[in-house]
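Enquirer: return a 3D structure for these sequence lines:
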Amino acid sequence: MGSGQTIAMGKGFADQSYCDFSRQYDPAPSPSTLQNGTVIPPYKGPEVDTFIKAFGRSDLLDYMNTYWINLGAPNVDFWAHEFSKHGTCISTFDVTCYGTRYQVHADVIDFFDTVIRAFHQYPTFNMLAAAGIRPSNKTGYAIEQIQSALMAQTGALPFLGCTNGTILTEVYYYHHVRGTAQYGHYKNINTTSPATTCLSNAAIWYYERTPGSERKVGFNDDPYV
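Expert: Residues are numbered from 1 along each chain as shown. Down below sits the predicted model:
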């Protein structure tokens, strides 16, 4: 995290992974084997951005390259990982659910659109800023402050993850979905994991980004809003 917000998937998908090898597009699967010992074959075909381009979705591709950023590797590898590991385990993205009108890779495009929809439902940076919690290299916050700020906005307690117990690095939101993941209503629920890995007796640091590490973007310029 930092002075900005980018997309990542959450813990709610951790119980299952890589559920359909026929739609495995991850060039470096992680984990590399399933719990039963089955080796997950690395993908060697066209990158998933070619799927997006084939649907004429330059708007989606531009958005993902702005907000859905990988660290130390191409963005497209991260997108492929998220769909392959998580999207294939959500039943409403199964190819059979699309019926005879299915277009090849429509499930992948729908998954990316769905993640962005959820991303907009939880504008974490803005929600924290509304409570006076902003990135700082000088001021730490109590974990209860951060939890209260997000609960006030969402009505539920998210999972807050900290590196070494004191550096806020991730927020996971949980929900029940009425209808399909693609088009259903998302009802916020409390985290089903322990509420946090952040220490309760220490200042929690929500650091500023280092100079030059970010691009200026804003939701006001967002074609999805």
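
Enquirer: what about this protein, any weak spots by pLDDT?
Expert: In the predicted model of the chain, residues 1-15, 213-225 satisfy pLDDT under 70.

Enquirer: domain map for it?
Expert: For the chain, automatic domain parsing gives the domain ranges 11-121, 124-221.

Enquirer: helix or strand right after whichever strand or helix holds A149?
Expert: In this structure, A149 sits in helix 143-154 according to DSSP states H and E. The first helix or strand that comes after helix 143-154 along the chain, using DSSP H and E, is strand 159-163.

Enquirer: mind listing what's buried along the very next helix or strand once past that next one?
Expert: Scanning forward in sequence from strand 159-163 by DSSP H and E, the next helix or strand is strand 167-172. When neighbours are counted by 16 or more other CB atoms under 10 Å, the buried residues of strand 167-172 are found to be 168-172. Just so you know, the C-beta spots here come from the backbone N, C-alpha and C atoms, and that holds for glycine as well.

Enquirer: please go through the protein and pick out the longest helix.
Expert: Selection of the longest helix in the chain by residue count, based on DSSP state H, yields helix 106-121.

Enquirer: what residues sit buried inside it?
Expert: Of all the residues in helix 106-121, those buried under the rule 16+ other CB under 10 Å are 107-112, 114-116, 118-119.

Enquirer: how deep is the closest residue in space to Q103 that isn't next to it in sequence tucked in, by neighbour count?
Expert: Spatial nearest neighbour of Q103, excluding adjacent residues (CB to CB, 6 or more residues apart in numbering): F55 at 7.9 Å. Number of residues near F55 (other CB atoms under 10 Å) recorded here: 15.

Enquirer: could you do D62 as well?
Expert: Using other CB under 10 Å, D62 has 12 neighbouring residues.

Enquirer: same question for R57.
Expert: 17.

Enquirer: what's near enough to touch it?
Expert: Contacts of R57 were listed using CB atoms under 8 Å, 6 or more residues apart in numbering, and they are I109.
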